[in-house]
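In: Okay, sequence plus prediction incoming.
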Amino acid sequence: MLRPVALLLLLLLAAPPSFAVETMRIAMSEVRAEVQVSGRGLALGMDSEEATFHSLGKSRVTVRRRGRRLEVNGAPIVGEAARFRAGWAPDDGGVPGNEPLRAGDMQVRGDVVVRLYKDGLQLINVIPLEEYLAAVLGSEMPVSFPSEALKAQAVAARTYALQKKLEAYGSAFYMGSSVLHQVYGGVTSEDPRTRAAVAATRGEVLTYELAPIEAYFHASCGGRTESGLAALQRDLPYLQPVDCPCGKLAASRWSASVSEAELREALNGSAEGLRISGRTRTHRVTRMSNSDGVSVDGARFRQRLGYTKLKSLDFEVEKTAHGYLFTGRGYGHGAGLCQWGAKALADGGWSYKDILSHYYPEAELQQLY
């Protein structure tokens, strides 16, 4: 049963007045010295939720860094950041519409902040949370998946985003747009089915002790999820191993051929006598060793070889005439929601609430707004 979360949480996540909804600050990219920002009816303001915006009378501007200052179309501006908004219509009282903006190589909704950062510029998307989620779903999960799987992913992504916002509250941005956080592709990743899944679960989050959980997710666990402690060094009661139907799917199986040269670099030593010298209770590799006694942590080994080559740590390895063959199951760290497992469960008639309860035991589904 849904119920309101703690008052403290509501105060921390109070709706910004300029959007009147929950917003996120997402780091889009970094550029060296200049960037073009474009959109219908561009307006400029300071990087503040209470900022006053002024129409630029243009649909495209160039923002440049000049030492410790910013210039917009060659004119210096006050401050270390400029915030752009599209859809500015003076005839409508200066109220912005939901027009997308393009900044660099990405098109997004909401506002775009260009700020001085290191020796270049950083682009930040300030966007209503629900708009952000529609694009995250299209980036993180196939839109062809069943609606109940998409809804489960929407709740997990919303919860993850809010937890990261609380963790980084007051910072220039809360999350990035890559696989290090949640993949966010902007407007081009939106889809009618992702928008429907977000709308159907609007404001719903997973909590533990009335705080948003660390709602990790991954593509495929290979048949059993991993504990948060083993996968992410996060010993959390709602990230525990559970059985998963994705192990029966062909999509969870993979193989990779790795040369001895690649292995020498990953091990920082000889590939001779390569063996698995440690596993977790769910069969995932914790340590790789060679005949010289050199060993490396399993997660570090996978990182060095590449996440797309070694798709998970649940693998076997054998020597071949041309190097080594790795055969494994799953794709990702294995903790939390399994996306292919969610698909299989939804195909079997499970609701998104049942799916979330399965992959995040001990967590509660609550209505934040």
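Out: Looks like it arrived, so ask away. Numbers count the residues shown, from 1 in each chain.
In: Need the pLDDT of Gly170.
Out: The pLDDT attached to Gly170 in the predicted structure is 89.
In: Next up, the contacts around the closest residue to Asp119 other than its chain neighbours.
Out: Distances taken as Cβ to Cβ, 6 or more residues apart in numbering place Arg32 nearest to Asp119, at 7.9 Å, with adjacent residues excluded. Every residue, glycine included, has its C-beta placed from N, CA and C. With Cβ atoms under 8 Å, 6 or more residues apart in numbering as the criterion, the residues that contact Arg32 are Asp119, Gly120, Leu121.
In: one more time with 10 Å
Out: Residues touching Arg32, when contacts are defined by Cβ atoms under 10 Å, 6 or more residues apart in numbering, comprise Arg65, Asp119, Gly120, Leu121.
In: how much space is there between it and Glu71?
Out: In this view, Arg32 and Glu71 are 15 Å apart by Cβ to Cβ, to the nearest Å.
In: before we move on, the earlier item: for the residue nearest to Asp119, give me phi and psi.
Out: Dihedral angles of Arg32 (phi, psi; degrees, to the nearest 10) stand at phi -80, psi -70.
In: Helix or strand: which one has Lys319?
Out: Secondary structure assignment for Lys319, by DSSP states H and E: strand 315-320.
In: Against which helices or strands is that strand packed?
Out: In this structure, strand 315-320 makes packing contacts with strand 253-258, strand 275-279, strand 285-289, strand 323-329, judged by 3 or more Cβ pairs under 10 Å, 6 or more residues apart in numbering; DSSP states H and E.
In: again, 8 Å this time
Out: strand 275-279, strand 323-329 (3 or more Cβ pairs under 8 Å, 6 or more residues apart in numbering; DSSP states H and E).
In: out of those strands, deepest packed?
Out: Comparing the helices and strands packed on strand 315-320 by mean neighbour count (mean count of other Cβ atoms under 10 Å), strand 323-329 comes out on top with a mean of 18.
In: quick one: low-confidence ranges for the chain?
Out: Along the chain, the parts satisfying pLDDT under 70 run over 1-20, 89-98.
In: Mind listing what's buried along the longest helix belonging to it?
Out: Counting by DSSP state H, the longest helix found in the chain is helix 147-167. Buried positions in helix 147-167, judged by neighbour count with 16 or more other Cβ atoms under 10 Å: 148-165.
In: now do stretch 177-194
Out: Neighbour-count burial for stretch 177-194, with 16+ other Cβ under 10 Å as criterion, is recorded at 177, 181-187, 189-191, 193-194.
In: From Ala346, how far off is His358?
Out: Between His358 and Ala346 the distance, using Cβ to Cβ, works out to 11 Å.
In: Could you export stretch 154-168 as CSV, keeping only the C-alpha atoms?
Out: The C-alpha trace of stretch 154-168 is given here as CSV (Å, rounded to 0.1, in the frame of the first residue of the first chain):
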residue,chain,number,x,y,z
ALA,A,154,10.6,3.7,-14.2
VAL,A,155,10.2,3.4,-10.5
ALA,A,156,13.7,2.1,-10.1
ALA,A,157,15.2,4.9,-12.2
ARG,A,158,13.1,7.6,-10.3
THR,A,159,14.3,6.2,-7.0
TYR,A,160,17.9,6.0,-8.1
ALA,A,161,17.8,9.6,-9.3
LEU,A,162,16.2,10.9,-6.1
GLN,A,163,18.7,9.1,-4.0
LYS,A,164,21.6,10.6,-6.0
LYS,A,165,20.0,14.0,-5.7
LEU,A,166,19.9,13.7,-1.9
GLU,A,167,23.5,12.5,-1.9
ALA,A,168,24.6,15.5,-4.0
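In: give me every residue that touches the nearest residue to Glu260 once chain neighbours are set aside.
Out: Distance criterion Cβ to Cβ, 6+ apart; nearest residue to Glu260, sequence neighbours excluded, is Ala271 at 4.6 Å. Ala271 makes contact with Glu260, Leu263, Arg264, Asn290, Tyr324 under the criterion Cβ under 8 Å, 6+ apart.
In: so can I have a markdown table of the residues you listed showing distance to Asp235?
Out: Conversion of the contacts of Ala271 to a markdown table gives the following (distance: Cβ to Cβ, whole Å):
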| residue | distance to Asp235 |
| --- | --- |
| Glu260 | 37 |
| Leu263 | 31 |
| Arg264 | 34 |
| Asn290 | 31 |
| Tyr324 | 33 |
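In: Just the buried residues of these.
Out: Buried members of the contacts of Ala271, scored by 16+ other Cβ under 10 Å, are Leu263, Asn290, Tyr324.
In: Would you confirm that the first one contacts Leu274?
Out: Yes - taking Cβ atoms under 8 Å as the contact criterion, Leu263 and Leu274 are neighbours in contact, 6.2 Å apart.
In: who touches both of these two?
Out: Tyr324.
In: which strands and helices sit next to the longest helix of the chain?
Out: Here helix 147-167 touches helix 129-140, helix 192-200, strand 204-208, strand 211-212, strand 217-218, strand 337-338, helix 339-347, helix 352-359, going by 3+ Cβ pairs under 8 Å, 6+ apart.
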